[in-house]
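*Asks:* sharing a model prediction with you, sequence too.
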Number of protein chains: 2
Amino acid sequence: MHFASRVDQLKPSDIREILKLTANPEVISFAGGVPDPVLFPLEEMKQITQLVLEEKGRIILQYNSTDGLLSLREKIALRMFKIGIKVSPENLIITSGAQQGLDFSARIFLGEGDAVACESPTYAGAISAFKICMPKFVEISTDSDGMILSELEAALQRDKKIKMIYVIPDFQNPTGKSWSIERRKELIRISHKYDIPIVEDNPYGEISFKEERMPTLKSLDSLGTVVYLGTFSKTFCPGLRVGWLIASNPIIKKYNIVKQGSDIHTNSLAQAEIDKYLELYNFDDHIKIINEVYKQRKNIMIDSIKKYFPADFLYTNPTGGLFIWIEMPEGYDSREVLKKALDRNVAFIPGESFYPSESIKNTFRLNFSNVSEARIDEGIKRLGEILKTN
Amino acid sequence: MHFASRVDQLKPSDIREILKLTANPEVISFAGGVPDPVLFPLEEMKQITQLVLEEKGRIILQYNSTDGLLSLREKIALRMFKIGIKVSPENLIITSGAQQGLDFSARIFLGEGDAVACESPTYAGAISAFKICMPKFVEISTDSDGMILSELEAALQRDKKIKMIYVIPDFQNPTGKSWSIERRKELIRISHKYDIPIVEDNPYGEISFKEERMPTLKSLDSLGTVVYLGTFSKTFCPGLRVGWLIASNPIIKKYNIVKQGSDIHTNSLAQAEIDKYLELYNFDDHIKIINEVYKQRKNIMIDSIKKYFPADFLYTNPTGGLFIWIEMPEGYDSREVLKKALDRNVAFIPGESFYPSESIKNTFRLNFSNVSEARIDEGIKRLGEILKTN
């Protein structure tokens, strides 16, 4: 059987394979990147689903428009306005999770032989989504303030095939890092100067452990070169697969056409459920509760790392999101560490999955959102024992 | 702003534009291709949704596996077995509607410069889904028994770039035609001989006005070259966006990888709802009711066509599905007819949308599933008056 070359080169995700090993409830898993289901508003979901089916069930269960339910798009646009993004509902479409926005972005911006510039390391699911378009990945180094933009600008001058910049400026996956305001402004300047679109992936921005939030790239973008991806997967329920995408006028039309051919529209019952939730409840109050829990877990993980990990290990101390990033001294191989960890029923994701080139071996990602506080301490303790005898 | 060439060439769907004009409830619309929402099992949906949320809400609202809920895949596999398709749940994945299966199929089989062979005319949404891979479309003529396979085989011998055969053998969209058993067997022979995959799109197979059903291509496929697409959109509720896809071993793995990067998984609450419905209710009884209603509407539309249309017009008389296909004498232009029809509050889809080359002007498609009996007669009467004075 003959497959197109774009598909021949795709490999199943390593992460998925590791996650299969964590199905055993005895495993303390820092591997996932998922919210704690205990925090899902289950009772509210029961109520709002009944209301939606009562009030307009037959309309909601019928085919609906590709861009999504207008009342939900209006409510999201209002939430966006509160964080400085002025968008009309016409420039906002509902996607089947932010992941779909990544898939569409690659198809819209990356032609044959083109390249995408991204943070090194970056979200593994974005690498998977982009790979089907066979781009060259131009990995740009990061420091504690975000992407090193002199390196990006040098790459743009050198390589005219870079057609998209992909970044996660808030509580990045996998590192937990957030960009400084200066870097954000500078990236916008570069995007405008070279007329290259930025895909701003922001699944974690609302999971903030501090009061003030950094401005999104989209809110700083006067020329409309930023495509913004948001999602309800981390703050509401990922199983519903509802995200959104904001883009300026010529661009949003392309997303709409691609979505039409791709799945016609996103599940409209899920859209109506979220719409009703936003109508009846204070979503920000719900997010505050989530953030309190995750902040506490993050603090415990940081304390445990300080207590149990070798002193020469580096770790990020994020102010939001779901992840802490570990940098071991040169010579360590995170895959070898994972093998020993799995023997002791602890799991994490080796850093290699987050580099398109897969060459850096001494990093790994820890998730703190979906592990109870007691298990965080116990799991980090076991990991520390392994790392100290490595 | 620079777009990839694959996206530059995409145009918004004509059909969507026509459907917007039919939003006015005074319009008698034969334009859509949608089920009648009155037939949706709304009360059952309320009940099963509560049950699902009660029984395993938090699991269902969490991220789930890319291939879909195992219990739903098992139930669909059992239904497939009853129509002669022996498939294990491992070879069946849940898709976000059958439309997503079309998008994935093009990406998996159609590389640069490749061609897809399809019926002429064919489903407009498939043309849209495939176009983003920029294939050449090899349109193969059809007669009342299906695709003319001598023409297909000649094309395959002439054009080695044909890498996928796309067909709708049951109650085709847009013509309503069904393939004879001989044609089905012959297409399988050709697919095996040339080792070219068939994508068998079967959204309408269950909407049958006769007791006996024709064997699907997949049930005749001993070598695993057929990819089968099914959906709950016509028989249950399209708003849920749940379909399925069956393929043999090396192929299904490719679909799984593409889906992972594309949307991670299909809304799992919708999957669980359908799973629960299949557990508690007799789905075939529900489908029987739908089919009785649609059969009656089809008969009325045929009677009205006989009564009101000019005698030299050709029409199909399908034994299932949602559509009747009209062939006017040469010289008629269905777009001109549509303009006059819209002036009299009647809508349909001109045939041009169903040919990748868009060159044939004297055909159009009529939908009978979502129009009441009285309005069918009135709408066809108005159309007949227009056609007779054309």
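*Replies:* All right, it came through fine.

*Asks:* which parts of stretch A:136-144 are buried?
*Replies:* A:137-140, A:142 (16 or more other C-beta atoms under 10 Å in any protein chain shown). Backbone N, C-alpha and C define where each C-beta goes, glycine included.

*Asks:* TSV for the residues you listed, including secondary structure and pLDDT?
*Replies:* As requested, the buried residues of stretch A:136-144 are exported to TSV (DSSP: H, G, I helix; E, B strand; the rest coil; pLDDT from 0 to 100):
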residue	secondary structure	pLDDT
A:137	strand	97
A:138	strand	97
A:139	strand	97
A:140	strand	97
A:142	strand	95
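
*Asks:* could you find the closest non-adjacent residue to residue A:94?
*Replies:* residue A:68 (2.8 Å; C-beta to C-beta, 6 or more residues apart in numbering or on different chains).

*Asks:* show me what residue A:200 is bridged to.
*Replies:* Per DSSP bridges, the residues bridged to residue A:200 are residue A:167, residue A:228.

*Asks:* would you mind measuring from it to residue A:216?
*Replies:* 6 Å (C-beta to C-beta, to the nearest Å).

*Asks:* burial count for the residue lying closest to residue A:142 once chain neighbours are set aside?
*Replies:* Distances taken as C-beta to C-beta, 6+ apart place residue A:119 nearest to residue A:142, at 5.1 Å, with adjacent residues excluded. Using other C-beta atoms under 10 Å in any protein chain shown, residue A:119 has 26 neighbouring residues.

*Asks:* returning to that earlier point: and residue A:200 and residue A:216? which has more neighbours close in?
*Replies:* residue A:200 (25 against 22).

*Asks:* before we move on, the earlier item: residues shared between the contacts of residue A:200 and residue A:216?
*Replies:* A:169, A:228 (C-beta atoms under 8 Å, 6 or more residues apart in numbering or on different chains).

*Asks:* which ones are touching the residue nearest to residue A:94?
*Replies:* If you count contacts by C-beta under 8 Å, 6+ apart, residue A:68 has them with A:92-94, A:244, A:265-266, A:271.

*Asks:* OK, contacts around the nearest residue to residue A:353 once chain neighbours are set aside?
*Replies:* Excluding the flanking residues, the one nearest residue A:353 by C-beta to C-beta, 6+ apart is residue A:124, at 4.5 Å. Counting by C-beta under 8 Å, 6+ apart, residue A:124 makes contact with A:13, A:15, A:174, A:349, A:353-354.

*Asks:* now do residue A:217
*Replies:* Per C-beta under 8 Å, 6+ apart, neighbours of residue A:217: A:167, A:169, A:184, A:187-188, A:198, A:200, A:226, A:228.

*Asks:* hang on, the earlier thing: which pair of the contacts of residue A:124 spans the longest distance?
*Replies:* A:13 and A:174 (13.7 Å; C-beta to C-beta).

*Asks:* tell me which of the two has more neighbours.
*Replies:* When residue A:13 and residue A:174 are compared for neighbours, residue A:174 comes out ahead with 29 against 18, by other C-beta under 10 Å.

*Asks:* element containing that one?
*Replies:* Under the criterion DSSP states H and E, no helix or strand holds residue A:174.

*Asks:* next, the residue nearest to it when sequence neighbours are not counted: phi, psi?
*Replies:* With sequence-adjacent residues excluded and distances taken as C-beta to C-beta, 6+ apart, residue A:174 is closest to residue A:365, at 4.0 Å. Backbone dihedrals for residue A:365, given as degrees, to the nearest 10, come out at phi -110, psi 140.

*Asks:* residues contacting the residue most central in space within chain A?
*Replies:* Nearest to the mean C-alpha position of chain A, by C-alpha atoms, centre = their mean, lies residue A:203 at 4.6 Å. Listed by C-beta under 8 Å, 6+ apart, the contact set of residue A:203 reads A:98, A:168, A:173, A:229-231, A:233-234.
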